[in-house]
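Enquirer: Output the structure for:
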Amino acid sequence: MGPILLALGLAALAWVLVAGDLVRRHRPVWHWYLVGYPVTTCRVLATWRKVAMLNDLAVSRRPPRGLLGDLVVKGDPLRPVAPRISFPHATRMGLTVTVRLHAGQTPATYMKAADALVHAWKVHAVRVTSPERGIVLLTATATDPLQRPGLVTAPAELLSALIGALESGGAWVMNLRLVPHWLIAGATRSGKSTLLARLITQLAGQPVALVGIDCKGGMELGLFAGRLSALATCRREAVAVLSALVVDMRDRMSACRSAGVRSIWELPEKLRPVPVVVIVDEIAELYLSDGTRESKAEAEQCSTLLLRLAQLGAALGLHLVVAGQRVGSDLGPGVTALRAQLAGRICHRVNDPGTAEMTLGDLNKDAVAVAQSITAEERGVAVCTGPDGGWSRARSHLTPTEEAVSTARKYAALAPELPAIDRALTALEGDDK
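Expert: The predicted structure follows:
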């Protein structure tokens, strides 16, 4: 009986291992709840005190003192006391731990210790947030959810585009009604162009006007020309298009003032002008100058016009999506002023720390560090901001160029006419002749 039982035991163990591997690969969520979460919870509880002491999260209590006649009697020596933590709470592919801070502690100390927690708990990442004073929430993710982001859904809304998936597993949505203007930074082959293609395909079927400014001769945005209401392929055309939009913005102001409202969204639907989304690819081409007087004048005009649209356009249905490989103050003071008006930020892998700092630094320093850690293999991965002011890692859905071009052609008939821009570009062509 002994050999038989041993053989049966080995067979059962082999079956468990094979079944466990199949579950891990094909049902990762089940595997996490059945195996990953209990094991990680044990690691959290077993290592918390040691990690807290090694990373300055513990606080030493002063020894008690008492009087015995004329003698001062001291109690036990100093002992480090780790902060109290809650029992780890399971999430879909991770867990959360609530920490009650000692008096005088700040969340910054825990942010510095995040890497140590990752190694101690053997998880992919640990994010630190502070939902209320005196409390820190540690959110651990078991694996990188962006390696194979699943297709998520989001409610269809006007001026809202489903871009991809967030690290939390939720939908990554760019809602221009909530966050009217966006800045997108990313090096070559980082996923920036794919994101713009995804944005255009998502907005193509909506009753909005899309205006493209691509000073690389229309190499990128020219693919979607059928759905664009206007396309500027050089800086001179960009000045004409932006000037026409500023004139249109004044007309929208007059309409709102006459109706006694403060935004076009308060106007009756029949009187409401069509929303306009201006997509600028490679912002540096609008700001850089070759030193000639004409070039400098065009660059200054572009800077001023973009800033005016960003400052006043949100309530008037004029939205900016500005993208570039390099975003820095060296392009001119106008870039810094424009950045301050672009509340939405997306940072892919960039070639220099200055661009990551320029994109995210005024919002969150931790987001800058995470953006700089994106590797060349993580195409489409970015750090993005949300409507609540927070940030998250996210990955855009891959939209093949052929699919994006086909979608633009499919909805070409929906492209609204913008007479002011058409007249400006026609006048520009007449001057060239």
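Enquirer: C-alpha only now, for contacts and for neighbours.
Expert: OK.
Enquirer: If the most centrally placed residue in the chain is in a bridge, with which residues?
Expert: Residue closest to the average C-alpha location in the chain (Cα atoms, centre = their mean): residue 384, at 0.8 Å. Judged by DSSP bridges, the bridge partners of residue 384 are residue 346, residue 392.
Enquirer: What residues does it make contact with?
Expert: 344-347, 391-394 (Cα atoms under 8 Å, 6 or more residues apart in numbering).
Enquirer: Export those residues as CSV, with columns for pLDDT and distance to residue 103.
Expert: Compiled in CSV, these are given as follows (pLDDT from 0 to 100; distance: Cα to Cα, whole Å):
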residue, pLDDT, distance to residue 103
344, 94, 35
345, 94, 35
346, 95, 36
347, 95, 36
391, 86, 27
392, 87, 29
393, 89, 32
394, 91, 35
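Enquirer: Selection in ChimeraX covering whichever of those residues are buried, please.
Expert: Applied in ChimeraX, the following selects the buried portion of the contacts of residue 384 according to 16 or more other Cα atoms under 10 Å:
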select :344,345,346,347,391,392,393,394
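Enquirer: ok, so of the contacts of residue 384, who is nearest residue 185?
Expert: Set against residue 185, the nearest of the contacts of residue 384 by Cα to Cα is residue 347 (4.9 Å).
Enquirer: CA atoms only for stretch 339-347 - export them in PDB, please.
Expert: Written as PDB, here are the backbone C-alpha positions of stretch 339-347 (Å, rounded to 0.1, in the frame of the first residue of the first chain):
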ATOM      1  CA  ARG A 339       0.900  74.400 -20.400                       C
ATOM      2  CA  ALA A 340      -0.700  76.100 -17.400                       C
ATOM      3  CA  GLN A 341      -4.000  76.100 -19.300                       C
ATOM      4  CA  LEU A 342      -3.800  72.500 -20.400                       C
ATOM      5  CA  ALA A 343      -5.200  70.700 -17.400                       C
ATOM      6  CA  GLY A 344      -5.200  67.300 -18.900                       C
ATOM      7  CA  ARG A 345      -1.700  65.700 -19.100                       C
ATOM      8  CA  ILE A 346      -0.500  62.500 -20.800                       C
ATOM      9  CA  CYS A 347       3.200  61.600 -20.700                       C
END
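Enquirer: Now find how far off-centre that stretch is within its chain.
Expert: Distance of stretch 339-347 from the chain centroid (Cα atoms, centre = their mean, to the nearest Å) equals 10 Å.
Enquirer: Outside of it itself, list whatever touches it.
Expert: 179-186, 307, 310-311, 320, 356, 359-360, 371, 382-386.
Enquirer: ok so, going back, if we only consider the contacts of residue 384, which is nearest to residue 330?
Expert: Using Cα to Cα, residue 347 is the member of the contacts of residue 384 that lies nearest residue 330, at 18.4 Å.
Enquirer: Filter the contacts of stretch 339-347 down to the ones in helices?
Expert: 307, 310-311, 356, 359-360, 371 (DSSP state H).
Enquirer: Please report which of those has the highest neighbour count.
Expert: residue 359 (30 neighbours; other Cα atoms under 10 Å).
Enquirer: That residue and residue 419, how far apart?
Expert: 34 Å (Cα to Cα, to the nearest Å).
Enquirer: average pLDDT for stretch 121-138?
Expert: Stretch 121-138 carries an average pLDDT of 88.
Enquirer: Pull out the buried residues from that stretch.
Expert: Buried residues in stretch 121-138, defined by neighbour count with 16+ other Cα under 10 Å: 121-123, 125-129, 135-138.
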